[in-house]
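J.: Model the structure of this input:
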Amino acid sequence: MKGTDKIVGNTEQNDAYWSNSRQPRFLPLWRQQGMTFRIIEILPHTIHLANRVRTRGDGLLTLGLTLVLSGSVIKAVNAQIVPDGTLPQNSAITREGNIERITGGTQAGSNLFHSFREFSLTTTATAWFDNATTIENIITRVTGGNISQIDGIIKANGNASLFLINPNGIVFGPNASLNIGGSFIGSTANSIKFADGMDYSAINPETPPLLTISVPLGLQFGGNLHSPGEIQVMGGGNNFSMNRATFSTQIERGENNTTGLAVIPGQTLALVGGAVTLDGGIIRASGGQIEIGSVGAGFVSLTQLPLGWRFGYEGVQEFADVQMHDRAAVDSSGSGSPNIGIRGNNITLTDGSLVLIENQGENSAGTLQVNAATALEIIGTTPGGEVRSGLFNQTVASGSGGNIDIVAPYLHIEDGGGIIAATFSDAKAGDVNLEIAEQIEAVGSARVNRSIGTRIGAISFGAGAGGALNISTGGLTVLGGASVAAIAWRTGAGGNTTVNAREFVEAIGVNPVSFQGSVIGASTINAGNAGNLTINTKRLIAAGGAAISSSNLATGAAGSVTINASESVEITGAVAGAANPTAILSAAVIVEPVRQQLFGIGPVPSGASGNITINTPVLRLTDRAQIAARNDGTGNGGDIRISASEVFIADKGGLTAATNFGSGGNINLQTASLQLRGGGFITATAGTNGNGGNINISTDIIAALQNSDITANAVAGAGGNIEINSRGIFGTEFRPFPTGNSDITASSQFGVSGTVTISNPDAHPSSGLEELPANVIDASERVIVGCAAAQGNSFTVAGRGGLPENALEPLRGQTLWQDLRVISSPLSLNSFLPLQGEREGLAQSDRDLARLGEKGRENSPHLFPSLPISPHLSPSPFLGEGRDEGQSRSLIEAQSWVVHPDGTVDLLAEVISDSKRSNWEQNPSCQDF
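T.: Modelled structure (predicted):
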């Protein structure tokens, strides 16, 4: 059969049509032989009978008659509510036209218990619980083993809350609705537990229950014997749209937005079962609470509130999946304190499906909380791009907006999806708090409309302050023009963005149509001041036109950017057609005229730039990438502070605190190694009347090559000051004005030039320091007495450059040794001895020198080069006087010395008499001590 083929038969009311949806859909009634059928699903070779799935290869369905429909089947769902007779006082059903009036049941205090074998409603049917108005809780179980299919109205008297428990599953059709005064809890739990221990079971109804007057304590799910059934809500989808004037952030309601399951304002609507699917279905609780829980096994606690109920999942061992598609909606907007909670294993929103809290009153809104055991996925928009899939908590009144709290191992959002907390009034917006254990991915823009970018944001679009964006994750990835940012669009101040990523943060690429770069930031568009951006991670990567930004476009001030990366920061790349290169920004930026008109801002920003602080071992800027605290408008530039072991800047990348009109900001750089290549730059240059900023660089080595500049120039104002403290500078030097070479300049075209100070310390002040002993010692105990010191003399040792010598190292000679003798054999003691024929003359010469003192040097200059201290041989020091060659030779200790007029000292082997000393020298012998 094809999608438009009719089912052939004797129809009494309407034709039924083929449904090729991936989910069951209700179709018009088809009547034959006195029975009423409704087509829910047509699937080849699959039979849905009495809500139990049986598979047959022949495609036959037998219900007292046989229907053969080309391998497809029809499911009979005649409206029926049948009591099971298991209660002390059983329920009674009275049919009054299309109304199924339900009376009886067993009352225990303010609780009224019902038990049914079947509970289903056709489109026009109404199930009316005709209870006393004193009843607070109507507790209903379905025990017959069939799914409850509800496409009609469920009604109750007074303010009673209604519990509907069917472990086999519950399907709400597009016409299903609620008309009750209290809360509604639909569940596929096995049983309801009460505070006094009573277990009201839909699995074991044969056991007579001891019905209780206490309030329900919780829902018991699953186990080894029974897996909970699914809950499905079907419908035609929401008619929300996005306000284009707010750049796709505000969700607006269409007309006749009253369809779907709903409770009265302030109450709770909860669907807690196995897998929960909203196929175009709508769930509403104006100003109240909505709970979607998908539980595989475990216990869900219940706590009664003054209005509604609170749910706890601490006792759940296993979760199932939650799916929302085809414009499904969960909406608790209103004037109370609305809350929404969604719990599941994999939670998926697609096709323009959304979860919305809009605060329309003076009270603060509640929290939109999503907990996924495995992953949360938000993907796409409606086919026409009218609304994006997403999670939204916004305020349009005097009450503040609520938070969005998400806990999951993985978060994936793409194709225009959104997570947005916003204010469109004077009230403060809520925060966005993401605790994603492993990874967050925000990717691209909507395929049907590229102007709808994927977005995670905390936004102010009024006078109220924006909320904070707090992210804790293993890794954050932002691709293809997506945005993760806290933004101030109007006069309200923007919130702070804080990212704590255990492993990495990366922003890469641009929107393929608008060329808007991927953004992680905290920025301002108009008059409100931007918040601050803080990133703590191991590795930060920005590439392909992306921005790490706290910038401003108009009169508001930019915030500060602080990055702590324990391994590296790498910024690289620019994209042709993009307004800005890849950058870390805390800058006042001029955008193109089309955006100026779109945003309603002037052509030149006047707000101040913010400051940038980066702490990392390795910083790399390449391919025109920038770290910029610049100001393209009339304000002053911000400051840049960088602490890194290695800084590499190349291919026209750079650090800039430059300005067009105001004064340049300051750049402070501390690093062990600074390399600039291929036009890399560090600049705090000011334009027009501003003064140049100051640049302070402390590094071991600077290498600046290929026209790479360090500048703090100005036009009419004063040039800035550049101070460089480095042990080595290569490839660059100070020049009064910029040239085609690598320059260090602080010039002013019309004003006073700045100063450039370059320091090259030979050693670090702390090098060579020795730790002093803690204990004080007696100096006299450390002195070894030898020969007496000369009286009236002094001894001074001056090292190189006038610095004192190191007391722990040997003295370095100040005169070169020149030994011109030819040594024909390896050095040995004998190498220094005279030949046999020379010994007598040399020995005699030695004896003469010992006696003559100063005259000995004059007579034998060829034997004794001029040295500061000349170790003279004693008379026959090796041979000995009167010894023959066979006697042993030994060194003789010097006994005295002679000081020559030129300051040369000769060591002598014997003590000479005082008459032969210089008349100014008073040197007592050792025996004088």
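J.: Can you tell me the strand partners of the helix or strand containing Val647 and which way each runs?
T.: Applying DSSP states H and E as the criterion places Val647 in strand 640-650. Paired strands of strand 640-650, with direction, are strand 612-615 (parallel), strand 618-622 (parallel), strand 667-677 (parallel) (DSSP bridges).
J.: Adding mean pLDDT, distance to Thr757 and mean neighbour count, write those strands out as JSON lines.
T.: All C-beta spots, glycine's among them, are computed from the backbone N, C-alpha and C. Shown next, in JSON lines, are the strands paired with strand 640-650 (pLDDT from 0 to 100; distance: least, CB to CB, whole Å; neighbours: other CB atoms under 10 Å):
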{"stretch": "strand 612-615", "mean pLDDT": "98", "distance to Thr757": "24", "mean neighbour count": "22"}
{"stretch": "strand 618-622", "mean pLDDT": "98", "distance to Thr757": "24", "mean neighbour count": "23"}
{"stretch": "strand 667-677", "mean pLDDT": "97", "distance to Thr757": "14", "mean neighbour count": "21"}
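J.: Now do the strand holding Val647, average pLDDT.
T.: Average pLDDT, strand 640-650: 98.
J.: Start at 52, not 1
T.: Okay, using 52 as the starting number, the last item reads as strand 691-701.
J.: In CSV, list the C-alpha atoms belonging to that strand.
T.: Extracted in CSV, the C-alpha atoms of strand 691-701 (Å, rounded to 0.1, in the frame of the first residue of the first chain):
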residue,chain,number,x,y,z
ILE,A,691,47.7,42.0,28.0
ARG,A,692,49.6,39.9,30.5
ILE,A,693,51.2,36.7,29.4
SER,A,694,53.3,34.2,31.5
ALA,A,695,54.7,31.3,29.4
SER,A,696,57.8,29.2,29.1
GLU,A,697,57.7,29.5,25.3
VAL,A,698,56.1,32.1,23.1
PHE,A,699,56.1,31.6,19.3
ILE,A,700,54.6,34.2,17.0
ALA,A,701,54.7,33.8,13.3
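J.: Can you show me the strands along the stretch 402-551 of the chain?
T.: With DSSP state E, counting those that start in this stretch as the criterion, the stretch 402-551 of the chain has strands at 405-410, 419-430, 441-446, 455-465, 469-474, 483-494, 506-511, 520-530, 534-539, 548-559.
J.: Just name whatever secondary elements the helix or strand just after the last one is in contact with.
T.: Stepping forward along the backbone from strand 548-559, the first helix or strand reached (DSSP H and E) is strand 570-575. Applying 3 or more CB pairs under 8 Å, 6 or more residues apart in numbering; DSSP states H and E, we find strand 570-575 packed against strand 520-530, strand 534-539, strand 548-559, strand 584-594, strand 598-600.
J.: Which strands and helices lie in contact with the third one?
T.: Contacting strand 548-559 under the criterion 3+ CB pairs under 8 Å, 6+ apart are the following elements: strand 520-530, strand 534-539, strand 570-575, strand 584-594.
J.: that older thread, what sits up against the strand holding Val698?
T.: Applying CB atoms under 8 Å, 6 or more residues apart in numbering, the contact partners of strand 691-701 are 620, 662-674, 678, 680, 706, 708, 716-729, 731-733, 759.
J.: try stretch 389-396
T.: 327, 336-347, 362, 364, 367, 369-373, 381, 383, 406, 408, 410, 416-425, 453.
J.: and that stretch, C-alpha only, in PDB?
T.: Extracted C-alpha coordinates of stretch 389-396, given in PDB (Å, rounded to 0.1, in the frame of the first residue of the first chain):
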ATOM      1  CA  PRO A 389       7.400  27.100  37.100                       C
ATOM      2  CA  ASN A 390       9.800  24.200  37.100                       C
ATOM      3  CA  ILE A 391      10.600  21.400  34.600                       C
ATOM      4  CA  GLY A 392      12.500  18.200  35.200                       C
ATOM      5  CA  ILE A 393      13.600  15.600  32.600                       C
ATOM      6  CA  ARG A 394      15.400  12.400  33.600                       C
ATOM      7  CA  GLY A 395      16.500   9.600  31.300                       C
ATOM      8  CA  ASN A 396      19.300   7.700  29.700                       C
END
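J.: What mean pLDDT does it get?
T.: Average pLDDT, stretch 389-396: 97.
J.: Can you classify Gln647 by secondary structure?
T.: Secondary structure for Gln647, judged by DSSP: H, G, I helix; E, B strand; the rest coil, is helix.
J.: Kindly provide the distance from the spatially closest residue to it that is not a sequence neighbour to Ile391.
T.: Leaving aside its chain neighbours, Gln647 sits nearest to Pro654 (5.9 Å; criterion: CB to CB, 6 or more residues apart in numbering). From Pro654 across to Ile391, the span is 43 Å (CB to CB, to the nearest Å).
J.: the longest strand in the chain is where?
T.: The longest strand of the chain (DSSP state E) is strand 340-355.
J.: Packing partners of it?
T.: Strand 340-355 is packed against strand 267-272, strand 319-324, strand 327-330, strand 333-336, strand 360-370, strand 380-382, strand 390-401, with contacts defined by 3+ CB pairs under 8 Å, 6+ apart.
J.: so can I have a markdown table of these showing distance to Thr184 and mean neighbour count?
T.: What follows is the helices and strands packed on strand 340-355, written out as a markdown table (distance: least, CB to CB, whole Å; neighbours: other CB atoms under 10 Å):
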| stretch | distance to Thr184 | mean neighbour count |
| --- | --- | --- |
| strand 267-272 | 20 | 24 |
| strand 319-324 | 20 | 26 |
| strand 327-330 | 32 | 26 |
| strand 333-336 | 22 | 26 |
| strand 360-370 | 20 | 16 |
| strand 380-382 | 29 | 28 |
| strand 390-401 | 27 | 23 |
